[in-house]
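Asker: how would this look folded up:
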Amino acid sequence: MLLNIGLLIVGLFILIVGGDLLVRGASSIALRLHMTPLVVGLTIVAFGTSAPELLISLSAALDGNPDLTMGNVVGSNICNLALVLGITVLIGPVRVQADSIKIDWPVTMASSLLLFYWVGDHSLTMNEGVFFLVSLIAYTVFIIRKSRRKMKNAIALEHDLDVPDSLSRSIFYDTGVIFLGCLGLYFGADWFVQGAKELALFLGVSHRIIGITVLALGTSLPELVTAIVASFKRETDLAVGNLLGSNIFNVLSILGITSIVSNIAVSTVIQHVDMLWMIGITFLVLPLMLYQRKLGRTDGIILLLIYVYYTYTVVT
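Answerer: Numbering: from 1, shown residues only. Reported below is the predicted structural model:
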């Protein structure tokens, strides 16, 4: 068991490092090509930070473990809005941006409902994956255009997405960093999934439980750490929008690409239990955001209690 846990931890660490290297190298090259920091942040950085989840989902699907794939995405979305957001607002109040209510939340809810509808036949197919990707591209283009018209929000968004401030020493250095990042993502994802599978076998639990709990929490750790640091620095203005955006990206990008590569089988339990929890928590966030246009400690306690109760029901 210790070996399996060690494989999980090492795999997750290499995944995070690999994702960071990929973002740094690709962002530097994009800036050399005179792409604006905002475009870099909303495309390369966003994709790079979700690369670990994508590689895990692809690896699990190709290995014939669809419950790990779907459980990872659904569990990560629940974790983002219940655990990560709950801890963030528990540390300090978070103001809710108008765009989070008018744009991010409706798109998050729509993508979640569409996913639930499409897995009614217990699978996610290539055609549905293509639609998800096209929708993601349209959403990204819309956000870029809107943000460019609001320079204040654009500057804040660039800072929050952690876009590099300057170029690296050379393009060869960038290429090497990207190569190392890709290697880290490949081996990290493989080790992380293998560790999760072996741990499930050792504990005698289903792949769904491991995907919903261990994989989901592991791949949400970067968002959790970032949110905690931002809370202590009182830089949480875009926290809600970023977590909603992460959920949108998880569904449209990760499940979109994965289902194009290989049809994803969806179990009845994930469809009728976990996805309903995801939709329910997403819906709950709306009235919490609307009340006084900010989230406080009471909201954080509510969200954390929901996450604890959900995890308890899954494990037991």
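Asker: so how far is residue 94 from residue 199?
Answerer: 34 Å (CB to CB, to the nearest Å). The way it works is simple: take the backbone N, C-alpha and C, and place the C-beta from them, glycine included.
Asker: the more surrounded of the two?
Answerer: residue 94 (25 against 18; other CB atoms under 10 Å).
Asker: Phi first, then psi, for that one.
Answerer: Dihedral pair for residue 94: phi -120, psi 120, per degrees, to the nearest 10.
Asker: hey, what's it bridged with?
Answerer: Note on residue 94: beta-bridge partners by DSSP bridges are residue 295.
Asker: For residue 246, see how far away it is.
Answerer: The value you get for residue 94 to residue 246, if CB to CB is used, is 15 Å.
Asker: try residue 89
Answerer: 16 Å.
Asker: These two - which one has more neighbours?
Answerer: Legend: neighbour count by other CB under 10 Å for residue 89 and residue 246, higher for residue 89 (27 against 22).
Asker: in which helix or strand would I find that one?
Answerer: Using DSSP states H and E, residue 89 sits within helix 85-91.
Asker: For that helix, what does the pLDDT average out to?
Answerer: Averaging pLDDT along helix 85-91 yields 90.
Asker: just checking, what packs against it?
Answerer: helix 221-232, helix 239-249, helix 297-315 (3 or more CB pairs under 8 Å, 6 or more residues apart in numbering; DSSP states H and E).
Asker: Worst mean pLDDT among those?
Answerer: Across the helices and strands packed on helix 85-91, the lowest-scoring stretch is helix 221-232, with a mean of 69.
Asker: How far does stretch 191-206 sit from its chain's centre?
Answerer: Mean-position distance between stretch 191-206 and its chain equals 21 Å (CA atoms, centre = their mean, to the nearest Å).
Asker: Quick one: residues in contact with that stretch.
Answerer: 1, 3-8, 10-12, 14-15, 56, 59-60, 63, 65, 67-68, 207, 209-211, 214-215, 218 (CB atoms under 8 Å, 6 or more residues apart in numbering).
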